[in-house]
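Colleague: Structure here, sequence nowhere to be found:
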């Protein structure tokens, strides 16, 4: 219960008491006291503004808007009030009104660094990256010592693919506040973008040492581990289980759901990627063909970014909710009200935002699929959908906290882009020498991968290697290639393309695609095959190093899967040595993929649905 305000010390003294509570972080107490003060001075701007701010901080946004609108009427030129009002309106989903108030805040107070950085965050969440970067720059121009402003600028630049600039922004923040965990975490991600993974790992370790409860840092670090050559699968799995153990003391919710094995099920999917993203590309064919008599679909999107692909997914759902702005408690309330029978999360540690709600259980049965190549580590996630080639029976089962459900010969359903260009002629026919290539994320090009590709080029005289993507430091990138033994005069780096069609057209510049060793491609492998280019892949010990095995086998290209580095070189050299055979193979790849389980969308959806149904039967029979 908040302290009692004395009746006679004078209003100013009473307000001083309240603001001291507020400044000390006792927001609930301050909020209650502001509400007692407001009838005493109903036209006092300070009470309305600060009380509205406290309500915003407590996520009581409808009430905050009421207070802040009254404050804005009293002082219409208060940029701080406009800022808070815009933020609360945003949380209530009133985007146009929020935009107006946030822009008005910086117009009224162009020197308000906090207003600029809040505008930047708002713009970025709505896809205006250029506007967001400009706003964050204005924030640090207004206050060059604004640590959070530098961090926000760095994170936004990173999301825009400008890793070197992002790194500089976080370095600036750390000069102002050495050891600041927010800045360290941002710098770690910028190091990732600069392909300095060891430095990134060190920063993540420093953040976790300073704040072991920073689950985001732990999660991002777990994802990073998959890109490192030297870490064995059992060690990575152990660290995932240790993450899950952090939530072991959270009691899991029990449900009174009707345990009827054959009834229609409500299946929910939780993801930040229900938009133009690889996860959504593989999900849509399954949703489109899932038996509506047996299942109804609920989609929870955890990103403010929505696009035409979001609209296409929304058509398959009985409920679509954008939950990016929800607190954990708000998310739990929404999901429990919707009452899904099964909930499948699609991100894993690429964006594991909701470990606590999932640990408490949002549905009687919970699973994970598509977005992450490993266990989540959370015991409350009951199953992970995969296949027998990506996760062979045996050791893979021991590494997971989930039950591995090998529901199909291949765990993916690929939907080729309708606008994909025709298969282009092989460049070898004119160049006379073969061109190898990889259009995977350059972060996947580990030292082991580059060394193996160097062996391929050594085995095929005159061969060229084409890579694609933006690099922050071109000279340093080529130095990496040379250090791995690659002849840099036979390597070409193509810039990132503007759109999907332009990206697919780039396959006309290569003859044979090479799969990274440490972290296999998924979308890129499917795209290469659809564009008529064979892919050579090396089978490893764990899912992240076996995706290529599953995809290529499904497409009838098992002879392109190597079991050793020597065999990888032999396969690549064999494909390059016979132009006629290579041309024949390439001409048939699109048809082979079309005849594979990857494009059997109805069959894959039926197998997917049966896997969900079997998990439900197990729940009904008390087996988890």
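Modeller: That came through, no problem. Just so you know, these numbers come straight off a predicted model, no measurement behind them.

Colleague: Run a quick neighbour tally on the spatially closest residue to residue 455 that is not a sequence neighbour.
Modeller: Closest residue in space to residue 455, ignoring its immediate chain neighbours: residue 569 at 5.0 Å, by Cβ to Cβ, 6 or more residues apart in numbering. Glycine gets a C-beta too; all of them are placed from N, C-alpha and C. For residue 569, the neighbour count with other Cβ atoms under 10 Å is 22.

Colleague: Check residue 36 too.
Modeller: For residue 36, the count of nearby residues is 14 (other Cβ under 10 Å).

Colleague: any low-confidence regions in the chain?
Modeller: 1-9, 624 (pLDDT under 70).

Colleague: what's downstream of the host helix or strand of residue 118, the next helix or strand?
Modeller: Per DSSP states H and E: residue 118 is located in helix 113-125. Once the chain leaves helix 113-125, the next helix or strand it forms, by DSSP H and E, is helix 129-142.

Colleague: just the angle between that next one and helix 113-125, please?
Modeller: Orientation check (axes from the mean of the first three to the mean of the last three Cα atoms, to 10 degrees): helix 129-142 against helix 113-125 gives 170 degrees.

Colleague: in helix 129-142, what's buried?
Modeller: Within helix 129-142, the residues that count as buried by 16 or more other Cβ atoms under 10 Å are 129, 132, 133, 134, 135, 136, 137, 138, 139, 140, 142.

Colleague: For the helix or strand that comes right after it, which residues meet the burial criterion?
Modeller: Reading on from helix 129-142 to the C-terminus, the next helix or strand found by DSSP H and E is helix 147-159. Buried positions in helix 147-159, judged by neighbour count with 16+ other Cβ under 10 Å: 147, 148, 149, 150, 151, 152, 153, 154, 155, 156, 157, 158.

Colleague: so which of the buried residues of helix 129-142 comes closest to residue 309?
Modeller: residue 129 (18.0 Å; Cβ to Cβ).

Colleague: What sits closest to the closest one if chain neighbours are left out?
Modeller: residue 160 (5.0 Å).

Colleague: How many residues are close by the one you found?
Modeller: Residue 160: 16 neighbours (other Cβ under 10 Å).

Colleague: again, but for residue 24
Modeller: Neighbour tally, residue 24, other Cβ under 10 Å: 10.

Colleague: Could you do residue 502 as well?
Modeller: Residue 502: 11 neighbours (other Cβ under 10 Å).

Colleague: Quick one: distance of the helix or strand it falls within to the chain centre.
Modeller: Residue 502 is part of helix 500-505, with elements assigned from DSSP H and E. From the chain centre to the centre of helix 500-505 is a distance of 23 Å (Cα atoms, centre = their mean, to the nearest Å).

Colleague: Strand partners (parallel or antiparallel) of the very next helix or strand once past it?
Modeller: Under the assignment DSSP H and E, the closest C-terminal helix or strand after helix 500-505 is strand 512-514. For strand 512-514, the paired strands and their directions (DSSP bridges) are strand 435-438 (parallel), strand 535-538 (parallel).

Colleague: List the contacts of strand 512-514.
Modeller: 434-439, 453, 456, 465, 507, 524-525, 528, 533-536, 572, 575-576, 582 (Cβ atoms under 8 Å, 6 or more residues apart in numbering).

Colleague: Please name the residues that touch residue 70.
Modeller: Residue 70 touches residue 48, counting by Cβ under 8 Å, 6+ apart.

Colleague: Am I right that it falls within a helix?
Modeller: Yes. Counting by DSSP: H, G, I helix; E, B strand; the rest coil, residue 70 is found in a helix.

Colleague: Now do the contacts for residue 85.
Modeller: Taking Cβ under 8 Å, 6+ apart as the test, what residue 85 contacts is 52, 64, 65, 68, 69, 72, 101.

Colleague: Which of the residues you listed sits closest to residue 445?
Modeller: Scanning the contacts of residue 85 for proximity to residue 445, where the rule is Cβ to Cβ, the winner is residue 101, at 45.2 Å.

Colleague: The strand or helix carrying the closest one versus helix 113-125: what angle between them?
Modeller: Assigning secondary structure by DSSP H and E places residue 101 in helix 95-108. Put simply, helix 95-108 runs at 150 degrees to helix 113-125, going by the same axes, to 10 degrees.

Colleague: Mind giving me the packing neighbours of helix 95-108?
Modeller: helix 79-91, helix 113-125 (3 or more Cβ pairs under 8 Å, 6 or more residues apart in numbering; DSSP states H and E).

Colleague: and with 10 Å instead?
Modeller: Helices and strands touching helix 95-108, as assessed by 3 or more Cβ pairs under 10 Å, 6 or more residues apart in numbering; DSSP states H and E, comprise helix 61-74, helix 79-91, helix 113-125, helix 129-142.

Colleague: report the angle between the axes of the last one and helix 147-159?
Modeller: Relative orientation of helix 129-142 versus helix 147-159 (the same axes, to 10 degrees): 150 degrees.

Colleague: What sits closest to residue 102 if chain neighbours are left out?
Modeller: residue 86 (3.7 Å).

Colleague: The one you found and residue 101 touch, don't they?
Modeller: Yes. With contact defined as Cβ atoms under 10 Å, residue 86 reaches residue 101; the gap is 3.5 Å.

Colleague: list the residues that contact both of these two?
Modeller: 68, 94, 119 (Cβ atoms under 10 Å, 6 or more residues apart in numbering).

Colleague: In JSON lines: those, plus neighbour count and distance to residue 77.
Modeller: Output for the shared contacts of residue 86 and residue 101, formatted as JSON lines (neighbours: other Cβ atoms under 10 Å; distance: Cβ to Cβ, whole Å):
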{"residue": "68", "neighbour count": "30", "distance to residue 77": "14"}
{"residue": "94", "neighbour count": "16", "distance to residue 77": "22"}
{"residue": "119", "neighbour count": "27", "distance to residue 77": "17"}
